[in-house]
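Student: output the structure for:
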Amino acid sequence: MKKQSFSSPEKVITGDGSSSLIHAHLDEMYHSRHGAWTETNYIFIGKGLDLVTGQSSGDIFVFEMGFGSGLNAVCTMETAIEANVRIHYTTIEQYPVDPDVIREMKFPFPDENSANRLLGLHEAPWNTEVIVNDQFTLHKIAGKFPDDIHIESGRYDIIYYDAFAPGAQPELWDLEIMELCFSMLKPGGIWITFSSKSSVRRHLIQAGFDVEKLPGPPGKREILRAVKPDEMIQGEN
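Tutor: Below you'll find the predicted structure:
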């Protein structure tokens, strides 16, 4: 396997005091400038994962589009530990961030253990499954979606769709990609994102999702959450 290439995006402080990054070539923020920590915990955890953990009786399978700073992943792991559930976390990242950048980022973690866990996720090897602890298994894939990932139909309970904005990466928000996401989810699975763009909503509906607009975090009026109908409903339609 070839040596992994890392990027060193610019570090910035967002509105809630937590750190984010700016991609050097796309000139895009990795999180909301109004609050990276707030965005992750409001959208992906509060409006996404918490629903899954409340309904699931077994292991939970999460797919994240864009590992980025690792904030979504570490907050998911913290949730797994607190809820005593087991999460299998798969993520793909085209621009892996140098762990040295992560060491200098600031997040309001409850204790130093959480900060160390974030760094540990970045230092974990790529392209292999790693058992991080009893509650969390991580599989980071270095590559481009969907070219560099083996797609398994019906595998995931939830997809965190955290690609850069549609204006920066339009190819990751088209109908074909939304159809692919639909196939990756289990019946009843959740797809969630920070975006509320009308074209994204339209593509999700065309792909077969039930789509709802939700109030967004500070600085964001609305976000999108989509659910793959369960098999019984699909059979009746």
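Student: does Gly35 touch Ser19 like I think?
Tutor: No - using Cβ atoms under 8 Å, Gly35 is not in contact with Ser19; the gap is 10.7 Å. Any C-beta I mention is one placed from the backbone N, CA and C, and that applies to glycine too.
Student: spatially nearest residue to Ile45 (excluding sequence neighbours)?
Tutor: Cys75 (5.5 Å; Cβ to Cβ, 6 or more residues apart in numbering).
Student: mind telling me what element that neighbour is part of?
Tutor: Here Cys75 is covered by helix 71-83, with elements defined by DSSP states H and E.
Student: repeat for Glu64
Tutor: strand 60-65.
Student: that strand pairs with which strands, parallel or anti?
Tutor: Looking at strand 60-65 with DSSP bridges, its partner strands are strand 87-93 (parallel), strand 156-161 (parallel).
Student: just how off-centre is the longest one within its chain?
Tutor: The offset between the C-alpha centroid of strand 87-93 and the centroid of the whole chain comes to 8 Å, using Cα atoms, centre = their mean, to the nearest Å.
Student: same deal with the shortest one?
Tutor: Put simply, strand 156-161 sits 7 Å off its chain's centre (Cα atoms, centre = their mean).
Student: next secondary structure element downstream of that strand?
Tutor: Following strand 156-161 in sequence order, the next helix or strand is helix 175-184 (DSSP H and E).
Student: same check, this time on the longest one
Tutor: Using DSSP H and E, the helix or strand that directly follows strand 87-93 along the chain is helix 99-103.
Student: same for that next one, what does it pack against?
Tutor: helix 112-123 (3 or more Cβ pairs under 8 Å, 6 or more residues apart in numbering; DSSP states H and E).
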